[in-house]
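Novice: Provide a 3D model corresponding to the input given below.
(2 chains)
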Amino acid sequence: MEPLHQIWERWSDKVEFLVVYIREAHPEEGWVVTSNRDDDILVNDPTTLEERTEVATACALRLNIRMPVVVDDLDDGIASAYGALPDRLYLIGRDGNVAFQGDQGPWGFNPQALEEAIGKLDL
Amino acid sequence: MADKLPEGFDWRQITPEDSPKTPMDILADPEHKRLGSADVETGGPAYGFKSPIYDYSDGTEVATGRDFDLLAVAAEKPVALIFGSYT
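Specialist: Numbering: from 1, shown residues only, chains lettered A, B, ... in the order given. Modelled structure (predicted):
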């Protein structure tokens, strides 16, 4: 998260940043990864929006997220539209069009590419 | 996760033995395909949404009572969207 916070600090006067909290990538009933176990991040897939919001809160507080956050509803409507699972970056221009579509995470999650796209905007 | 694992990636190195699923299970799951395939693309219209904003900037949870309306905000200022989860 820290690289993204640094980008936010550099550009927040010209670009709005929003964290969209989506469905868990590695819930305990799915593909578990040892790094989460090591960090004591043991999360079952939320079954209500309230549960998902509670997990989002735990995440945001632990990672010290300073940007605004919204939580995708349980129908995963936002995540589905943006092909967001497990994580992804986008930039939306003032024309309402997608100015930058990052590659699908985790291997395609590239904050530097997002910042390069911001730098190309007419701000 | 992408459509396939990167070459040389050994998923067993990062997966505990009691994991209910493997990355192959995830890749085969139609739900994973649905949530990993975007309806939007560069140059095309963004998918608009309106959702309540939470603010954690002072170290506590604050339900601001305001909504984030993506298209309304983007009309004033470009918007960087960061999608992710705790796990």
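Novice: tally of neighbours for the nearest residue to A:Ala81 once chain neighbours are set aside?
Specialist: If the residues on either side of it in the chain are set aside, A:Ala81 comes closest to B:Tyr47, at 3.6 Å by Cβ to Cβ, 6 or more residues apart in numbering or on different chains. Heads up, the C-betas are built off the backbone N, CA and C, glycines and all. The number of residues packed around B:Tyr47, counting by other Cβ atoms under 10 Å in any protein chain shown, is 18.
Novice: Likewise for A:His5?
Specialist: A:His5, neighbours per other Cβ under 10 Å, totals 17.
Novice: which secondary structure element contains it?
Specialist: In this structure, A:His5 sits in helix A:2-11 according to DSSP states H and E.
Novice: in that helix, what counts as buried?
Specialist: For helix A:2-11, a neighbour-count test (16 or more other Cβ atoms under 10 Å in any protein chain shown) marks A:Leu4, A:His5, A:Ile7, A:Trp8, A:Trp11 as buried.
Novice: hey, where'd the helices end up in chain B?
Specialist: Along chain B, counting by DSSP state H, helices occupy B:23-28, B:30-36, B:70-74.
Novice: need the ones you listed in CSV with mean neighbour count, can you?
Specialist: Shown next, in CSV, are those (neighbours: other Cβ atoms under 10 Å in any protein chain shown):
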stretch, mean neighbour count
helix B:23-28, 16
helix B:30-36, 16
helix B:70-74, 17
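Novice: which non-adjacent residue is nearest the residue of chain A found nearest chain B?
Specialist: Distance from chain B to each residue of chain A (Cβ to the nearest Cβ) is smallest for A:Gly83, at 3.0 Å. In space, A:Gly83 comes closest to B:Ala38 once its chain neighbours are excluded; the distance is 3.0 Å by Cβ to Cβ, 6+ apart.
Novice: Spit out the contact partners of that neighbour.
Specialist: If you count contacts by Cβ atoms under 8 Å, 6 or more residues apart in numbering or on different chains, B:Ala38 has them with A:Ala81, A:Tyr82, A:Gly83, A:Ala84, A:Gln101.
Novice: what's the distance between it and B:Asp55?
Specialist: Distance, B:Ala38 to B:Asp55, by Cβ to Cβ, to the nearest Å: 28 Å.
Novice: cool, A:Asn110 as well?
Specialist: From A:Asn110 to B:Asp55 the distance is 27 Å (Cβ to Cβ).
Novice: on that earlier part again, ok, which of the buried residues of helix A:2-11 also contact chain B?
Specialist: Checking those against chain B by Cβ under 8 Å from any Cβ of the partner chain, the ones in range are A:Leu4, A:Ile7, A:Trp8, A:Trp11.
Novice: tell me the contacts of residue 42?
Specialist: Going with chain A. A:Leu42 touches A:Glu28, A:Asn36, counting by Cβ under 8 Å, 6+ apart.
Novice: Chain B, not that one
Specialist: By Cβ under 8 Å, 6+ apart, the contact set of B:Thr42 is A:Val98, A:Ala99, A:Phe100, A:Gln101.
Novice: can you map out the helices along chain A?
Specialist: Under DSSP H, chain A gives helices at A:2-11, A:34-38, A:49-62, A:77-82, A:111-120.
Novice: tell me the most buried of those?
Specialist: helix A:77-82 (a mean of 21; mean count of other Cβ atoms under 10 Å in any protein chain shown).
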